[in-house]
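Q: structure for this input, please:
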Amino acid sequence: MQEEPIELVAASIEKLSAGDLEINMEIKRHDEVGMIAERVNFMAAKFKEIISDISMFLNDISAGDLNASSKCEYPGEFRGIRLSMEKIVERLNNIMSIINSSAEHVNSSAEQISGAAQ
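A: Sure, this is the predicted structure:
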């Protein structure tokens, strides 16, 4: 027995709330149920896109790419996540700049000490 469209929508929303983003309802109706199914499909696809983008960003950072950036749009409340990602890259680059500057100072001082010792 095939599920009724509204039952399929409810089951898909339940899957989505459990973190399962593999949702693609094929409900071809031009009423409220069809509209809700279409929006749930879109929402699941957008969540999947954002999660994939975050995963790629974190993989890039963990591989040492401090020029990593987001590749998709983050709507609404998700904008805060994108801003945090951008701040992470900015802060890591600032830290690396400080480390490089300190290393240059240490190297310069070591050369002076070495030159004076000779």
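
Q: only C-alpha atoms from now on, for both contacts and neighbour counts.
A: Noted.

Q: how far away is residue 78 from residue 98?
A: 31 Å (Cα to Cα, to the nearest Å).

Q: now do residue 26
A: With Cα to Cα as the criterion, residue 26 and residue 98 are 54 Å apart.

Q: same question, residue 6
A: 58 Å.

Q: okay, now the unreliable bits of this structure?
A: Along the chain, the model assigns pLDDT under 70 to residues 1-2.

Q: and the longest helix for it?
A: Using DSSP state H, we find that the single longest helix of the chain is helix 79-117.

Q: mind listing what's buried in that helix?
A: 82, 85, 89 (16 or more other Cα atoms under 10 Å).

Q: tell me the contacts of the last one?
A: With contacts taken as Cα atoms under 8 Å, 6 or more residues apart in numbering, residue 89 has the following neighbours: 66-68.

Q: return the member of those residues nearest to residue 49.
A: Using Cα to Cα, residue 68 comes nearest to residue 49 of those, at 16.6 Å.

Q: element containing that closest one?
A: Residue 68 is part of no helix or strand when elements are defined by DSSP states H and E.

Q: one more: residue 49?
A: Going by DSSP H and E, residue 49 is part of helix 32-62.

Q: show me what that helix is packed up against.
A: Applying 3 or more Cα pairs under 8 Å, 6 or more residues apart in numbering; DSSP states H and E, one finds that helix 32-62 contacts helix 5-17.

Q: ok and the helix it packs on relative to helix 32-62, angle-wise?
A: Going by axes from the mean of the first three to the mean of the last three Cα atoms, to 10 degrees, helix 5-17 is angled at 20 degrees with respect to helix 32-62.
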